[in-house]
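> next input, structure requested:
(one chain, ligands or ions: 2)
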Amino acid sequence: MKAGKNRVFIFDTTLRDGEQAPGFSMNESEKLRFARQLEKLGVDIIEAGFPIASEGDFASVRNIANNIKNSQVAALARTELSDIDRAWEALKDAAKPRIHTFISTSDIHISHMLQKTRNQVLKEARAAVAHSCGYTKNVEFSPQDATRTDREYLCDIVEAVIEAGATTINIPDTVGYAMPDEFGDMIAYLFDKVRNIEKAIVSVHCHNDLGVAVANSLSGLKNGARQIECAVNGIGERAGNASLEEIVMALETRKDVLGFQTKIKTKEIYHSSRLLIDITGIPVQPNKAIVGANAFSHEAGIHQDGFIKERMTYEIMTPQTVGVSEANIVLGKHSGRHAIKERLKKLGFKLNKEEIDKVFKRFKEIADVKKEVFDEDIEAIIAEDIFRKNDRYRLLYLNVVSGNATIPTATVRMEIDSSEKQDAFFGVGPVDATFATIRKITRTKHKLLKYQVHAVTEGTDAQAVVTVQVQYNKRIIAGRGADPDVLVASAKAYINALNRIESLKESNGKILN
Ligand code: KIV
Ligand code: ZN
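Ligands and ions are numbered 1, 2, ... in the order given. Presented below is the predicted three-dimensional model:
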């Protein structure tokens, strides 16, 4: 693929490396929804999953491949030929498919994990790329743990896979070990020593174990790389991957020194980040660069004074560039259908008439108990009332009695597979009683790992957002619920987690790693 020499390709791995991290699992329809947002954001390549890992992963990659037209869709495969066949099976109807195959190349991985020799690994890598090229010319190869790989051997393997047809060579800092200068130097070394390197695009894939994933990625670009692998909100294995929003905004804000372009529509960044939080139930920290709640707020008096006189005193980019909207007219119980419709449009949601009616109905219920309804409240309504329509379990009624002179007791009515069931049970406190009753009705057994309450906005009338994490087999599943009543939000979050387990069971999740 020909492109200007300073054009950087953004390869998003939120749905593969990101989704692999504990607590971030998404079901098939959530993955497609997020992939559609990535396409809108303008990412060049969406890594949709690892088809051999589970039936669910396979189905999700195929669904994304069949629906995404503008971005390339990549599927991950080990160098086993059956992995590659499975990846292609999922990708074959994509408008722009890419096979991404990988094998470890560091001695520590080769000897302890693979129990092979360097020579065997090189041969397997070459054969895997050649096999992939039988399906598509768009083949990426990653030497896993590249930064701890002997450099000469790394050059040999990179040269061999390019000769076999790889068009992208991705250099992963798998364990987040490299320092920026050292990583840049490694990329420069490949350009210097690999005879046929000009035939491929060099990519970087940096993990954040030492907090330098973005710096390493930028250092890679300075030394010749032109693809960056990253994830929204920086999610990924352990400390995560390089964060997409940080990379894109660094390239955008410091064009003067870096001089690169991407095709990312920066105004979609904030919405992408929020959508991921709504889907996974896992928030970003308030001080997270670009998308954290405090990223554009100025607290210190001296900062506020300067900012009011001239924004640029303390602001290097405007919130609008990343899609954080300027102060909105606050919606309340007198706001009409038209105002809601306009706000939904502004927030980037395309809903049909029936869905808008549903949002409006829920909006009115919330506005009745809460003076002001903010964008975050609307996002919470969308997450619950629109995107969860295929749920197996639904909360219909909750009544909790608690206090210092009573045994906390919850009465719950639920819809399960279209029939109604109700029961009552007690617990140590009101949340425990609610969860125990839900477990009794659904006859499910799980280990509750985490229970957290946040407020969507400020004030005691704010909607409560509850996130829970439960363990199902070896997977950690998150659930999220929002409501002005903290116990209702808790019940919704717990039921959301149970629904996610159901969809994982449906996809028969055979987990590879
Ligand atoms: O971190 C890593 O090495 C990976 C590879 C599969 C690219 O995620
Ligand atoms: Zn990775």
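> name the helices or strands packed onto the host helix or strand of Ile441?
In this structure, Ile441 sits in helix 430-442 according to DSSP states H and E. Helices and strands touching helix 430-442, by 3 or more CB pairs under 8 Å, 6 or more residues apart in numbering; DSSP states H and E, are strand 393-401, strand 409-416, strand 419-426, helix 486-506. All C-beta atoms are positioned from the backbone trio N, CA, C, and that covers glycine.
> in the first one, what counts as buried?
Spelled out, it's strand 393-401. By neighbour count on 16 or more other CB atoms under 10 Å, the buried set for strand 393-401 is Tyr393, Arg394, Leu395, Leu398, Val400.
> near ligand 1, which residues of the protein show up?
Asp17, Phe102, Ser142, Gln144, Asn170, Pro172, Thr174, His205, His207 (CB under 6 Å from any ligand atom).
> the residues you listed into CSV, with extra columns for secondary structure and pLDDT?
Output for the residues of the chain next to ligand 1, formatted as CSV (DSSP: H, G, I helix; E, B strand; the rest coil; pLDDT from 0 to 100):
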residue, secondary structure, pLDDT
Asp17, helix, 98
Phe102, strand, 98
Ser142, strand, 98
Gln144, strand, 98
Asn170, strand, 98
Pro172, strand, 98
Thr174, coil, 98
His205, strand, 98
His207, strand, 98
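> of those, which is the most crowded?
His205 (29 neighbours; other CB atoms under 10 Å).
> bridged to it, which residues?
Beta-bridge pairing for His205 (DSSP bridges): Pro172, Glu229.
> now for it: which residues touch it?
Applying CB atoms under 8 Å, 6 or more residues apart in numbering to His205 gives the contacts Thr13, Ser142, Asn170, Ile171, Pro172, Asp173, Thr174, Glu229, Asn241, Ala242.
> switch the cut-off to 10 Å
By CB atoms under 10 Å, 6 or more residues apart in numbering, His205 lies in contact with 11, 13, 17, 47, 102, 142, 144, 146, 170-174, 213, 216-217, 220, 225, 227-230, 236, 241-242.
> the nearest residue to Arg475 once chain neighbours are set aside and ligand 1, how far apart?
In this structure, Arg475 finds its nearest non-sequential neighbour in Ser25, 6.1 Å apart by CB to CB, 6 or more residues apart in numbering. Distance, Ser25 to ligand 1, using CB to the nearest ligand atom, to the nearest Å: 17 Å.
> what do you get for Val369?
46 Å.
> report the contact partners of that residue.
Contacts of Val369 (CB under 10 Å, 6+ apart): Lys333, Asp461, Gln463, Asp483, Pro484, Asp485.
> where's the closest residue to the third one other than its chain neighbours relative to Glu268, distance?
The reference is to Gln463. Leaving aside its chain neighbours, Gln463 sits nearest to Val456 (4.3 Å; criterion: CB to CB, 6+ apart). Between Val456 and Glu268 the computed distance is 21 Å (CB to CB, to the nearest Å).
> so who does the closest residue in space to Arg500 that isn't next to it in sequence touch?
Excluding its sequence neighbours, the residue lying closest to Arg500 (CB to CB, 6+ apart) is Ile477, at 5.0 Å. If a contact means CB under 10 Å, 6+ apart, then Ile477 has 22-25, 281, 446, 449, 468-471, 496-501, 503-504 as its contacts.
> of the residues you listed, just the buried ones, PyMOL syntax please.
The PyMOL selection below is limited to those of these classed as buried (16+ other CB under 10 Å):
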select buried, resi 23+24+25+281+446+468+469+470+471+496+497+498+499+500+501+503+504
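> whichever strand or helix holds Arg33 versus helix 486-506: what angle between them?
Per DSSP H and E: Arg33 is located in helix 28-41. Put simply, helix 28-41 runs at 100 degrees to helix 486-506, going by axes from the mean of the first three to the mean of the last three CA atoms, to 10 degrees.
> average pLDDT for helix 28-41?
Mean pLDDT, helix 28-41: 96.
> can you give me the end-to-end distance of stretch 416-430?
Length of stretch 416-430, first residue to last, CA to CA, to the nearest Å: 23 Å.
> what sits up against it?
Contacts of stretch 416-430 (CB under 10 Å, 6+ apart): 392-394, 396-397, 399-403, 406-415, 432-443, 486-487, 490, 502.
> what is the least confident helix or strand in the chain?
The helix or strand of the chain with the lowest confidence, counting by mean pLDDT, DSSP states H and E, is helix 301-309 at a mean of 71.
> thinking again about what came up before, and the angle for the helix holding Ile441 with strand 393-401?
Going by the same axes, to 10 degrees, helix 430-442 makes 140 degrees with strand 393-401.
> in helix 430-442, what's buried?
By 16+ other CB under 10 Å, the buried positions in helix 430-442 come out as Pro430, Val431, Asp432, Ala433, Thr434, Phe435, Ala436, Thr437, Ile438, Arg439, Ile441, Thr442.
> now it, how far from the centre of its chain.
With CA atoms, centre = their mean, to the nearest Å as the basis, helix 430-442 stands 30 Å off its chain's centre.
> ok, and what's touching whatever helix or strand comes next after it?
Downstream of helix 430-442, the next assigned helix or strand under DSSP H and E is strand 447-455. Contact with strand 447-455 is made by 22-23, 281-283, 376, 431-432, 435, 439, 461-472, 476-480, 482, 486, 489-490, 493-494, 497, as judged by CB under 10 Å, 6+ apart.
> repeat that for 6 Å
Ala462, Ala464, Val465, Val466, Thr467, Val468, Gln469, Val470, Gln471 (CB atoms under 6 Å, 6 or more residues apart in numbering).
> now the phi/psi pair for the most far-flung residue of the chain relative to its centre, please.
The C-alpha centroid of the chain is most remote from Ala405, which lies 45.0 Å away (CA atoms, centre = their mean). Per-residue torsions, Ala405: phi -130, psi 30 (degrees, to the nearest 10).
> quick one: residues contacting it.
Counting by CB under 6 Å, 6+ apart, Ala405 has no contacts.
> low-scoring stretches of the stretch 1-150 of the chain, by residue?
1-3 (pLDDT under 70).
> helices of that one, residue ranges please.
Under the criterion DSSP state H, counting those that start in this stretch, helices of the stretch 1-150 of the chain are mapped to 19-20, 28-41, 55-67, 81-91, 107-108, 118-133.
> may I see those arranged in CSV, with distance to Lys309 as well?
Listed next are the helices of the stretch 1-150 of the chain as CSV, based on distance: least, CB to CB, whole Å:
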stretch, distance to Lys309
helix 19-20, 45
helix 28-41, 34
helix 55-67, 48
helix 81-91, 54
helix 107-108, 56
helix 118-133, 58
